[in-house]
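Asker: just need the structure, nothing else, for what follows:
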Amino acid sequence: MQDRPTALELLRAIRDLLEKEILPALDDLRLRYQTLIAANVLRMLEREIPGEEERLRAELRRLHDLLGLPRAKPPDEAARLRRLVLDANQELTDRIRRGLADTGPWRARVLAHVRAAVEDKLRVNNPRQLEAFLAELDRPTPGDPPRTSGTPSGGDP
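Answerer: Coordinates of the predicted model:
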């Protein structure tokens with residue numbers, strides 16, 4: 001394992017090169033667009049790498065609670081942890097497809113979980129879009145009753 005440069009430092013260096021040196025020198029609009037996409041992907045990786053395992057452990061914990069699965073100590077190996085989260089999400093989607101979340105109290109728990117999961121993913125992939133979505137949820141709609149302090153915004157989860 002290398003001490004320096006770290007993976008994040010390498011990503012930032014490549015992104016800086018793309019944005020500060022290569023992008024300004026490009027005249028071809030298609031190449032400029034592709035370079036902007038590449039820089040954005042690097043920016044997402046810069047946000048994803050720190051705390052990834054913590055986010056995966058938290059998601060696995062929430063999924064196990066939601067699905068009623070026994071909790072076990074999450075693996076230390078990142079690839080195995082990703083696989084467990086993927087498997088638990090597959091179980092959730094299977095239950096949703098079978099109609100188990102169509103009605104009842106579990107439906108509200110599923111909706112709350114999905115909303116939290118989408119927010120977590122947007123926080124990494126597109127934080128500006130998350131801010132816009134949350135602002136939209138906080139905006140009152142005509143005909144809605146006034147909100148009181150302590151009432152969650154956005155209605156049902």
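Asker: show me where pLDDT drops low in the protein?
Answerer: Residues of the chain meeting the criterion pLDDT under 70: 1-2, 144, 146-157.
Asker: how does it divide into domains?
Answerer: Each structural domain of the chain that the record assigns through automatic domain parsing is listed here as a residue range: 7-48, 52-138.
Asker: and the end-to-end length of the shortest one?
Answerer: Start and end residues of domain 7-48 are separated by 12 Å (Cα to Cα, to the nearest Å).
Asker: gap between the residue sitting nearest the centre point of the chain and residue 115?
Answerer: The C-alpha lying nearest the average C-alpha coordinate of the chain belongs to residue 121 (Cα atoms, centre = their mean; 0.5 Å). Using Cβ to Cβ, to the nearest Å, we find residue 121 at a distance of 11 Å from residue 115. (Glycine included, C-beta is placed from N, CA and C.)
Asker: tell me which stretches of this protein form helices.
Answerer: Under the criterion DSSP state H, helices of the chain are mapped to 7-16, 23-25, 29-48, 52-67, 78-97, 105-125, 127-138.
Asker: take those and write them to JSON lines, including distance to residue 145.
Answerer: JSON lines is the format used below for these (distance: least, Cβ to Cβ, whole Å):
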{"stretch": "helix 7-16", "distance to residue 145": "47"}
{"stretch": "helix 23-25", "distance to residue 145": "49"}
{"stretch": "helix 29-48", "distance to residue 145": "37"}
{"stretch": "helix 52-67", "distance to residue 145": "30"}
{"stretch": "helix 78-97", "distance to residue 145": "30"}
{"stretch": "helix 105-125", "distance to residue 145": "20"}
{"stretch": "helix 127-138", "distance to residue 145": "15"}
